[in-house]
Structures are given as structure tokens and as C-alpha cells.
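Trainee: got a sequence here, can you build the structure:
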Amino acid sequence: MPAVESNMFPLGEKAPSFELVNVINGQTVRLEDVKSDIATVIMFICNHCPFVKHVQEELVRLANDYQPKGVSFIAINSNDVEKYPDDSPEKMKEVAEQLGYPFPYLFDETQEVAKAYQAACTPDFYIFNGELQCVYRGQLDDSRPSNGIPVTGSSIRAALNALLSGEPVPKEQKPSIGCSIKWKEK
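Mentor: Next up is the predicted model:
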């Protein structure tokens, strides 16, 4: 299956609200309750995608580096779990616990949240400012499973560092590339 690029959610657009279950602890999470007044990173990920597996450890490092600075991180899986059982809530919890995800890992069973964010692939990244306006959408960094470039999170780190220092986030942003979100058949 060929890799898919981000749809590039419009900069300046407000983050769509959501209420989803965190598979790690079974609690319902509302965006308004976990957003940051500084920056909120929303990541569409899953368990089975090789592009996500390639960056999972960096996602943990990234969150551990920036959560103490007041940045909120939220991961969402919107895949069809009937066709992709490795992405089921039970398996999501296993992966989150195994890797020590320091952020909620939410299950978007209806896929409505992915549609609202125009998410196209896993991984797909969004950063919203304190007013929940989109300031970044796109890639984690230039690394891909087969290109030999180290995973550093440089693109997301640059955007977060700009926000934290009161600088504008560069408008030049590269789309993320990964597996397509596994949409349910209608």
C-alpha cells in the first residue's frame, strides 16, 4: 500500500472539540479538559503502521521533554478495528503501557474526530496554540522507516520551541507521510 500524505488542516482554524475514551485508564477525555494554555499537540497514530512504529519512542521522548514546559499531548487512533484488530482498544492499552505513553491514547470508534481534523494518515500531527488555533500540521521530522535519517522530532520541536519563545511558527510546513487511516466501509 502506498504512503499517504497529510491533508494539511488550515492554519488558524480552531481545533474541533471531542470527547473520547482513554484506553489506558477507561476515562472519558474532553479536549477542553486536557488542552494547554500554551500548546496542544494532537497526534493521529495507531499500533500496526510501520511509520508509527518507527517514531513511537520519539513520541514518548517528545512528550516527556515538553509536558514539563506546559505542552499538552493527545494521541488518537481512528482505525477500523474490525479489519485491523491490532489497533483495538485492548491492544492500544498494551502498546501504551509497554512504551510508557505519558499522554492519553484515545479511541475514535466512530471516526468522526479524524474526519473533523481532516486526518489522512498515521502518524498525522497538529499543534494548536493556547486559543486552540492551528499553528502547525504535518510531519514529526524528515525520518521515514526506510530513509536512514535519524528520528529526532525536529519539525515538531521547532514549532513548539517557537511557541514557547513567543516567536511565530514557520508557515512553511511539510506534510506527514504514513499509512492511510483505515476507514470503515459505509
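Trainee: run a quick neighbour tally on Asp142.
Mentor: Neighbourhood size, Asp142 [other CB atoms under 10 Å]: 14. C-beta: built from backbone N, CA, C; applies to glycine.
Trainee: same question for Glu19.
Mentor: Using other CB under 10 Å as the criterion, the residues surrounding Glu19 number 12.
Trainee: per-residue pLDDT, it?
Mentor: Reading off the confidence values, Glu19 has pLDDT 97.
Trainee: my guess is it meets Arg30, correct?
Mentor: Yes - judged on CB atoms under 8 Å, Glu19 makes contact with Arg30 at a distance of 4.8 Å.
Trainee: name the residues contacting each of the two.
Mentor: Taking CB atoms under 8 Å, 6 or more residues apart in numbering as the contact rule, Glu19 and Arg30 touch no residue in common.
Trainee: secondary structure class for the residue nearest to the spatial centre of the chain?
Mentor: Compute the mean C-alpha point of the chain, and by CA atoms, centre = their mean the closest residue is Met43, 0.5 Å away. Judged by DSSP: H, G, I helix; E, B strand; the rest coil, the three-state class of Met43 is strand.
Trainee: spit out the contact partners of it.
Mentor: By CB under 8 Å, 6+ apart, the neighbours of Met43 are 59, 73-76, 123-126.
Trainee: ok, it to Pro104 distance?
Mentor: 11 Å (CB to CB, to the nearest Å).
Trainee: Pro85 too?
Mentor: Pro85 is 22 Å from Pro104, by CB to CB.
Trainee: what does Phe44 give?
Mentor: Counting by CB to CB - Phe44 and Pro104 are separated by 13 Å.
Trainee: any idea what Asn22 is bridged to?
Mentor: Applying DSSP bridges to Asn22 yields these beta-bridge partners: Leu106.
Trainee: count residues in the vicinity of it, would you?
Mentor: 22.
Trainee: pull out the buried positions in stretch 18-29.
Mentor: By neighbour count on 16 or more other CB atoms under 10 Å, the buried set for stretch 18-29 is 18, 20-24, 29.
Trainee: typed the wrong thing, it's stretch 27-39
Mentor: 29, 31, 35-36, 39.
Trainee: mean confidence score for the longest helix seen in the chain?
Mentor: Secondary structure of the chain per DSSP state H: the longest helix is helix 50-66. Averaging pLDDT along helix 50-66 gives 96.
Trainee: let's number from 745 now, not from 1
Mentor: In the new numbering, first residue 745, that becomes helix 794-810.
Trainee: next one: that helix to chain centre, how far?
Mentor: Relative to its parent chain, helix 794-810 has a centroid offset of 10 Å by CA atoms, centre = their mean, to the nearest Å.
Trainee: give me the contacts around whichever helix or strand comes after that helix.
Mentor: Later in the chain than helix 794-810, the nearest helix or strand by DSSP states H and E is strand 815-821. By CB under 8 Å, 6+ apart, the residues outside strand 815-821 that reach it are 762, 764, 773, 775, 778-780, 782-791, 803, 806-807, 810-811, 831, 836, 845-852, 857-858, 866, 904, 908.
Trainee: okay then, goodbye and thanks.
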